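S.K.: For reference, the sequence and a predicted model appear below.
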Amino acid sequence: MDITLNQVLILAAILFSIGTFGALTRKSIVIVVMCIELMFNAVNLNLVAFAYFSGLEALRGQVFAVFIMVVSAAELGLCMAIAIMLYRNRDTIQVDRINMMKW
């Protein structure tokens with residue numbers, strides 16, 4: 001049984017949908033960041049799948065996927081630093097309880 005491009009794209013769409021739903025409905029900053037990482041991984045899966053099934057010998061999709069992984073790792077570090085700062089100042093990491101306009 002061979003895996004087709006349609007199957008990979010459906011899997012990536014499901015992963016992206018789960019990530020979008022989680023990012024929009026969860027209240028914890030940590031969970032929201034994890035859902036954004038899941039969406040990045042769905043995009044990486046699309047890039048690698050298109051690179052593999054296009055038949056080109058160049059590694060363009062894989063290079064873009066590695067670049068997205070590096071950017072998402074930097075984003076994760078920055079988001080965790082912001083979450084720690086917010087917890088120290090506000091004693092919460094719940095998204096709906098953080099209001100930056102009021103002190």
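M.R.: Looks like it came in fine.

S.K.: Grab the most central residue of the protein for me.
M.R.: residue 37 (2.2 Å; CA atoms, centre = their mean).

S.K.: and the lengthiest helix in the chain, what's its mean pLDDT?
M.R.: Using DSSP state H to define each element, the chain has its longest helix at helix 60-90. Mean pLDDT, helix 60-90: 87.

S.K.: on contacts alone, who are the packing partners of that helix?
M.R.: Other helices and strands packing on helix 60-90, by 3 or more CB pairs under 8 Å, 6 or more residues apart in numbering; DSSP states H and E, are helix 29-54. The way it works is simple: take the backbone N, C-alpha and C, and place the C-beta from them, glycine included.

S.K.: tell me which residues of the helix it packs on are tucked away?
M.R.: 29, 32-51 (16 or more other CB atoms under 10 Å).

S.K.: send the alpha carbons of stretch 5-23 over as PDB?
M.R.: The C-alpha trace of stretch 5-23 is given here as PDB (Å, rounded to 0.1, in the frame of the first residue of the first chain):
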ATOM      1  CA  LEU A   5      -0.200  13.000  -1.800                       C
ATOM      2  CA  ASN A   6      -3.900  13.300  -1.100                       C
ATOM      3  CA  GLN A   7      -3.500  11.200   2.100                       C
ATOM      4  CA  VAL A   8      -0.600  13.300   3.300                       C
ATOM      5  CA  LEU A   9      -2.500  16.500   2.600                       C
ATOM      6  CA  ILE A  10      -5.600  15.300   4.500                       C
ATOM      7  CA  LEU A  11      -3.500  14.400   7.400                       C
ATOM      8  CA  ALA A  12      -1.800  17.800   7.400                       C
ATOM      9  CA  ALA A  13      -5.200  19.500   7.100                       C
ATOM     10  CA  ILE A  14      -6.500  17.500  10.100                       C
ATOM     11  CA  LEU A  15      -3.400  18.500  12.100                       C
ATOM     12  CA  PHE A  16      -3.700  22.100  11.100                       C
ATOM     13  CA  SER A  17      -7.400  22.100  12.100                       C
ATOM     14  CA  ILE A  18      -6.700  20.600  15.500                       C
ATOM     15  CA  GLY A  19      -4.000  23.200  16.100                       C
ATOM     16  CA  THR A  20      -6.300  26.100  15.000                       C
ATOM     17  CA  PHE A  21      -9.200  24.800  17.200                       C
ATOM     18  CA  GLY A  22      -6.800  24.500  20.200                       C
ATOM     19  CA  ALA A  23      -5.200  27.900  19.700                       C
END
